[in-house]
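Visitor: fold the following for me, if possible:
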Amino acid sequence: HELPQFAHLSNQLGIDIRFIEYMPFNDNRWGTNDFISYQDMQDIFQDQQPSTGHALQRLQDGPNDTTKWWSYNPVDLVNLADQHLDHDSRSVHHAAAQQQQPQPRNTRQGRIGFITSMSSHFCGTCNRLRMTADGQLKVCLFGATEISLRDILRIQRPDLLAKVVHAAVQRKHFKLGGHHDMQDISDHSSENRPMTLIGG
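Guide: Below is the predicted model of the structure:
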C-alpha cells in the first residue's frame, strides 16, 4: 500500500492530502472486494509505524467537515523530511551549507484527511448541496431525488427559488440519501446518476 508514502509527501510539500472511501455509483463497478475502509487505512498506518517511527495524531475537525483530519506529530516532521532527501538533494544542501546559505525548510505542516462516506458517515453535519449542469438540485450525493431549479432561475424569481431550496433541504433523508448502507446504495445505483454527471 502507498498510503504512508502519500502521507509523507504531504508533509514534505506542506500540503493537505485526503483519502476517500470507494463509493458506489452507476457504472463505476463498485464492489466490496475493492473497498478499503477508514479502519483499514488506519490499520495500514499503524502496521507501518514500528518501522517508520512516525505516528499519526488526531486533529480537530470543522463543524461541517466531510473529512477526518490527522497529522504527523510535529516532532517527527524534521526527521521525516531528512529521511526522504535523495542523494542529489543532500549534495545541494551540503554545498549550500558550506556557502553559509542554508536551504529554507518548509515549515507548514501538511494534514492527512480521510473521507469516510461509507463506513462512518457524516450526514448529520453535512451542509453540502449540488446543482447539476442541467439545473437539477441534489440535496444528497447518494439520493436519486432531484429538484429542477432551471425554470425558476430563468424566470428570475429569487423568492420562489429560496422557498424551493428550503423545502428540498427540509425533506432530506437522515443519511445516505435514504439508503441503509453502502451495499444498499450499490443495489440501487442504477436509479442515480453516474458521478461524472453529478459533478462536485
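
Visitor: state the phi and psi torsions of residue 69.
Guide: Here is the backbone geometry of residue 69 (degrees, to the nearest 10): phi -90, psi 140.

Visitor: and for residue 196?
Guide: Residue 196 adopts backbone torsions of phi -70, psi -20, taken as degrees, to the nearest 10.

Visitor: next, the buried residues of whichever helix in the chain runs longest.
Guide: With residue count as the measure and DSSP state H as the assignment, the chain has helix 38-52 as its longest helix. Within helix 38-52, the residues scored as buried using 16 or more other CB atoms under 10 Å are 38, 41, 45, 48. For the C-beta atoms, the positions are set from N, CA and C on the backbone; glycine is no exception.

Visitor: mind checking how far the very next helix or strand once past that helix is from the chain centre?
Guide: On the C-terminal side of helix 38-52, the closest following helix or strand by DSSP states H and E is strand 56-58. In terms of CA atoms, centre = their mean, to the nearest Å, the centre of strand 56-58 is set 16 Å apart from its chain centre.

Visitor: same deal with stretch 7-24?
Guide: With CA atoms, centre = their mean, you get 8 Å for stretch 7-24.

Visitor: now do the strands in the chain.
Guide: All strands of the chain, identified by DSSP state E, fall at 17-20, 56-58, 68-72, 112-115, 130-131, 136-138, 147-148.

Visitor: for residue 176, which of those is the nearest?
Guide: Residue 176 lies closest to strand 136-138 among those, at 13.1 Å (CB to CB).

Visitor: so what touches the longest helix of the chain?
Guide: 1, 3-4, 7, 19, 21, 55-56, 68, 114, 116, 119-120 (CB atoms under 8 Å, 6 or more residues apart in numbering).
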